[in-house]
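Enquirer: sequence first, predicted coordinates after that:
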Amino acid sequence: MKFFLLSLILFTLFVSKINSITITVSANSKECIFEKIDKRTSVTLLYQVVSGGGMDINPEITGPDGVVIYRRDREKEGKFTFLSRSSGMFKFCFGNEMSHLTAKQVNLDLQFSGGHSNSEIAKKEHLTPLENGVLELQEQLRSILSEQRYLKVREHIHRNTTESTNARVLWWNFLQTFLLIAISATQIIYVRRIFERRRRI
């Protein structure tokens with residue numbers, strides 16, 4: 001029972017919070033999400049453009065003091081990790097100012113870990129080998145979950161590409177059929193006119 005309670009306490013202290021959302025950024029605009037983050041929290045942002053235009057976006061992270069922590073232009077996907085130096089409201093923005101017609105869909109994962117004082121966290125030397133194994137297993141599970149989300153987004157992108165390609169092939173076949181019928185009708189009319197002229201002569 002004591003081991004179970006200790007494991008439960010360790011799990012709640014070490015577990016990282018993960019927020020996975022998909023946002024739509026309209027053409028020629030910027031969308032932001034706000035997150036209150038404690039001091040000394042490790043924050044990881046994973047983002048990926050799922051659909052829209054050239055599949056690129058301008059990501060930007062701003063701290064509570066207004067200082068820009070991270071900014072990139074025309075990125076398709078990326079990952080950035082930082083340690084918060086102060087508590088407050090952090091701003092995660094995605095700009096689509098370069099596109100005047102197409103909205104873009106962005107999938108993003110925000111992962112948080114830490115944010116506890118040194119007195120709250122058990123030291124590694126105080127843990128048994130089994131408890132250390134549980135923590136290592138937890139880290140591996142967290143990594144697997146992150147990879148699964150990434151693969152799910154990639155599958156969504158590839159499915160959209162495949163559906164778009166299939167639609168184009170279908171319309172191309174319709175166009176070919178229409179052209180074939182039109183050319184055949186034109187040839188029949190032309191040949192009939194030739195024979196009619198010969199009869200008159």
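Expert: Received it, and whenever you're ready, just let me know what you need.
Enquirer: return the helix or strand in this structure with minimum mean pLDDT.
Expert: Within the chain, no helix or strand scores below helix 2-14, which has a mean of 45 by mean pLDDT, DSSP states H and E.
Enquirer: could you give the mean pLDDT of the helix or strand containing F94?
Expert: Using DSSP states H and E, F94 sits in strand 88-95. Per-residue pLDDT over strand 88-95 has a mean of 95.
Enquirer: give the buried residues for it.
Expert: F90, K91, F92, C93, F94, G95 (16 or more other C-beta atoms under 10 Å). C-beta: built from backbone N, CA, C; applies to glycine.
Enquirer: distance of E147 from F92?
Expert: Distance, E147 to F92, using C-beta to C-beta, to the nearest Å: 21 Å.
Enquirer: quick one: the strands in this structure, in order.
Expert: Assignment of strands within the chain using DSSP state E yields the ranges 17-25, 30-37, 41-51, 58-62, 68-71, 77-83, 88-95, 104-114.
Enquirer: the strand holding F94 vs strand 41-51, what angle?
Expert: 20 degrees (axes from the mean of the first three to the mean of the last three C-alpha atoms, to 10 degrees).
Enquirer: partners of strand 88-95 in the sheet?
Expert: strand 30-37 (antiparallel), strand 58-62 (antiparallel) (DSSP bridges).
Enquirer: pipe these into TSV and attach distance to V191 and mean neighbour count per row.
Expert: Listed next are the strands paired with strand 88-95 as TSV, based on distance: least, C-beta to C-beta, whole Å; neighbours: other C-beta atoms under 10 Å:
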stretch	distance to V191	mean neighbour count
strand 30-37	62	14
strand 58-62	61	18
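Enquirer: is it possible to get TSV of the ones you listed that adds distance to H100 and mean pLDDT?
Expert: Listed next are the strands paired with strand 88-95 as TSV, based on distance: least, C-beta to C-beta, whole Å; pLDDT from 0 to 100:
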stretch	distance to H100	mean pLDDT
strand 30-37	14	94
strand 58-62	14	96
